[in-house]
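Asker: Take a look and give me a structure for this.
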Amino acid sequence: MMASSRLHQVREYCVRFAASGLVSIGAASGLLLLAEAIATTPQQPLVQQAAAQTPSVGEQLFPQIRPAIVEIKTSDGQGSGVLIRADGLVLTNAHVVDGERTAKVMLHDGRSLEAEVVAVGEQCADLALLKIPSQTNLPTVPLGSSTAVRPGQNVYVIGNPRGLSASFKEGAVSRYEPSDRDIQTTVPLDPGDSGSPLLNQAGQMIGLNTRIIGRALSFSIPVETIKGFLDRYDAGKALTVAALPSTRPTAQKIAVAPAPVTGRLTPNSGLICSDRSYYNLYEFEGKAGQAVMLWMESETFAPYLSLFGPDGKLVAEDVNQPQDQWAVIRQQLPRNGTYRIVTNSVVSQVTGAYKLTVAPLLLLRDSSVGPGNSTLKNGSFYQLYTIPGQSNQEVRVSVFANGFTPYLLLVNADGKVIAKTDKVKPGDDVATLKLRLPRGGQYRVLVSTLKPGDQGDFRLVVR
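Answerer: Numbers count the residues shown, from 1 in each chain. Here you go, the predicted model:
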């Protein structure tokens, strides 16, 4: 998942709010009253009154906790950590160290020290411990209790978002039950905050920040889970990096071809910790502008299919309902390189066989019909597309419409209509042609509206 205090602005706002309350009586009289109030109490100006107020919880916590917050740097990233024992024991997330055996730990006083990763959480426990050698008196954060955590409770975070050291944030607990795996909060976490402590008003750690979903959902590992992890470490039963089983399956290389490959989700597949579902990985080589269709089907579970680009970012995904037995992605690839497919299930921890196809598409277009397009004799708007064809080649032409009922024509190089969607009915949003081409050469696909004057967006797929 891998802000500074606004007290000064709040004080200014409070002074302005007080003034605005007076001004609301009337612009002139309000200013007179304000001036009079200041003039008659020169020994207690408003700004001094605000400055004399009791410091906020955040102001009190920050100087106490800041010395125990560290920044962790690895060969390919950075995150946060928290000193929990004076002998140099640092708690962080397993994904911060990501399988590495050592890391650099930046202390509050500016020292950069080498630390050994001495323990990692078991499968799906995003916890790790680092040990800085030869330390005896480092500052620490006390462990609190997560059993008393309640929604609405104020919480605080000091971390290193995006490499900005010691940034303070606050929020509230959104959801937590003792049976929950994580504490959900409104604290706006950022990449780099992973491994930072979630604090209560007493400055005790009640959780370890671990992940975010979008910008609104932040999650922390409850401190009771952390205490169990520390007990296993003290007893010599915690996993080390060397003993950590891999939860990442090796990607199987496949070709872009019409023939499917078979696979199976099992307990030996990869495990997605957020929902404890199994997954497998596949890779294929793609080119910028290439159109492909990914199709996954299973007779035993509802598939979940994701496509990631060469840069590791999500390109597309298809999420189905638990009763569906197929998933499909149709995509024009954005760049050259190796693409990765994740085959998964909608429901957690299901197993079973499936088929996966990565098929080339003759054409994939997202467009629209409406004013500005050419029209047929009946007044329907249309768009034309050209595709190559081979003799006796089986093709399937599909248009998925939004806002209109689509109509399809396939025309050969001589201008003769060789196929059309006669069975489409008003209200349909999909039209499909399936046929074998009579000869090789160029063909044209006409996408139109069934009803004259209709308009809308569509996706055209030819395979």
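Asker: helix, strand or coil for Pro67?
Answerer: Under the three-state scheme (DSSP: H, G, I helix; E, B strand; the rest coil), Pro67 adopts helix.
Asker: Show the contacting residues for it.
Answerer: By C-beta atoms under 8 Å, 6 or more residues apart in numbering, Pro67 lies in contact with 108-109, 139. The way it works is simple: take the backbone N, C-alpha and C, and place the C-beta from them, glycine included.
Asker: What separation do you get for it and Lys425?
Answerer: If you measure Pro67 against Lys425 using C-beta to C-beta, to the nearest Å, the figure is 72 Å.
Asker: which element is the closest residue to Ile221 other than its chain neighbours on?
Answerer: Leaving aside its sequence neighbours, Ile221 sits nearest to Leu208 (C-beta to C-beta, 6 or more residues apart in numbering; 4.6 Å). Per DSSP states H and E, Leu208 falls inside strand 205-213.
Asker: In that strand, which residues are buried?
Answerer: 205-212 (16 or more other C-beta atoms under 10 Å).
Asker: Please tabulate these in CSV and include distance to Thr357 as additional columns.
Answerer: Rendered in CSV, the data for the buried residues of strand 205-213 read as follows (distance: C-beta to C-beta, whole Å):
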residue, distance to Thr357
Met205, 49
Ile206, 48
Gly207, 43
Leu208, 42
Asn209, 40
Thr210, 36
Arg211, 32
Ile212, 34
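Asker: Around the residue nearest to Ile272 when sequence neighbours are not counted, how many other residues sit close by?
Answerer: Sequence neighbours aside, Tyr279 is the residue nearest to Ile272 in space, at 5.8 Å (criterion: C-beta to C-beta, 6+ apart). Tyr279 has 19 neighbours, counted by other C-beta atoms under 10 Å.
Asker: Quickly list what the nearest residue to Ile69 once chain neighbours are set aside is bridged to.
Answerer: Leaving aside its sequence neighbours, Ile69 sits nearest to Ile158 (C-beta to C-beta, 6+ apart; 5.0 Å). Note on Ile158: beta-bridge partners by DSSP bridges are Phe168.
Asker: Show the contacting residues for Ile158.
Answerer: Residues near Ile158 by C-beta under 8 Å, 6+ apart: 61-62, 65-66, 69, 166-169, 196-197, 199.
Asker: so which of these comes closest to Pro133?
Answerer: The nearest member of these to Pro133, counting by C-beta to C-beta, is Ile69 at 19.9 Å.
Asker: Buried residues of stretch 87-101, list them for me.
Answerer: Residues of stretch 87-101 classed as buried by neighbour count (16+ other C-beta under 10 Å): 88-98.
Asker: my bad, stretch 288-295
Answerer: Of the residues in stretch 288-295, 290-295 count as buried by neighbour count, 16+ other C-beta under 10 Å.
Asker: Looking at the residues you listed, which is nearest Gly270?
Answerer: Gly270 lies nearest to Leu294 out of the buried residues of stretch 288-295, by C-beta to C-beta, at 18.0 Å.
Asker: so how many other residues sit close to the residue nearest to Leu294 when sequence neighbours are not counted?
Answerer: In this structure, Leu294 finds its nearest non-sequential neighbour in Ile329, 4.2 Å apart by C-beta to C-beta, 6+ apart. Neighbourhood size, Ile329 [other C-beta under 10 Å]: 18.
Asker: so Ile329 sits right up against Glu317, yeah?
Answerer: Yes. If you go by C-beta atoms under 8 Å, Ile329 and Glu317 touch, sitting 7.0 Å apart.
Asker: So for these two, which residues contact both of them?
Answerer: Contacts common to Ile329 and Glu317, judged by C-beta under 8 Å, 6+ apart, are 305, 307.
Asker: for the residue nearest to Leu294, phi and psi?
Answerer: With angles defined as degrees, to the nearest 10, Ile329 sits at phi -130, psi 130.
Asker: And the one 5 residues further on, by the same measure?
Answerer: Backbone torsions of Pro334, given as degrees, to the nearest 10, read phi -80, psi -20.
Asker: can you offset everything so residue one is 557?
Answerer: With 557 as the first residue, the last one maps to Pro890.
Asker: and stretch 783-794, which residues are buried?
Answerer: Quick answer for stretch 783-794 (16+ other C-beta under 10 Å): 785-786, 789, 794.
Asker: on that earlier part again, derive a PyMOL selection command for the buried subset of the contacts of Ile714.
Answerer: To isolate the buried members of those in PyMOL, using 16+ other C-beta under 10 Å:
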select buried, resi 617+618+621+625+722+723+724+725+752+753+755
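Asker: elements contacting the host helix or strand of Gly819?
Answerer: Element membership for Gly819, per DSSP H and E: strand 813-821. When contacts are defined as 3 or more C-beta pairs under 8 Å, 6 or more residues apart in numbering; DSSP states H and E, strand 813-821 packs onto strand 833-842, strand 893-901, strand 908-916.
Asker: Need these in CSV (columns: mean pLDDT and distance to Tyr941).
Answerer: Compiled in CSV, the helices and strands packed on strand 813-821 are given as follows (pLDDT from 0 to 100; distance: least, C-beta to C-beta, whole Å):
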stretch, mean pLDDT, distance to Tyr941
strand 833-842, 94, 22
strand 893-901, 95, 25
strand 908-916, 95, 16
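Asker: Please tell me how far Pro707 sits from Asp736.
Answerer: Separation of Pro707 from Asp736 (C-beta to C-beta): 11 Å.
Asker: what's the answer for Ala728, then?
Answerer: The separation that Ala728 has from Asp736, given C-beta to C-beta, amounts to 16 Å.
Asker: Also Thr931?
Answerer: For Thr931 relative to Asp736 (C-beta to C-beta), the value is 59 Å.
Asker: mind listing what the residue nearest to Ile777 touches?
Answerer: 638, 647-649, 683, 751-754, 776-777, 779, 782.
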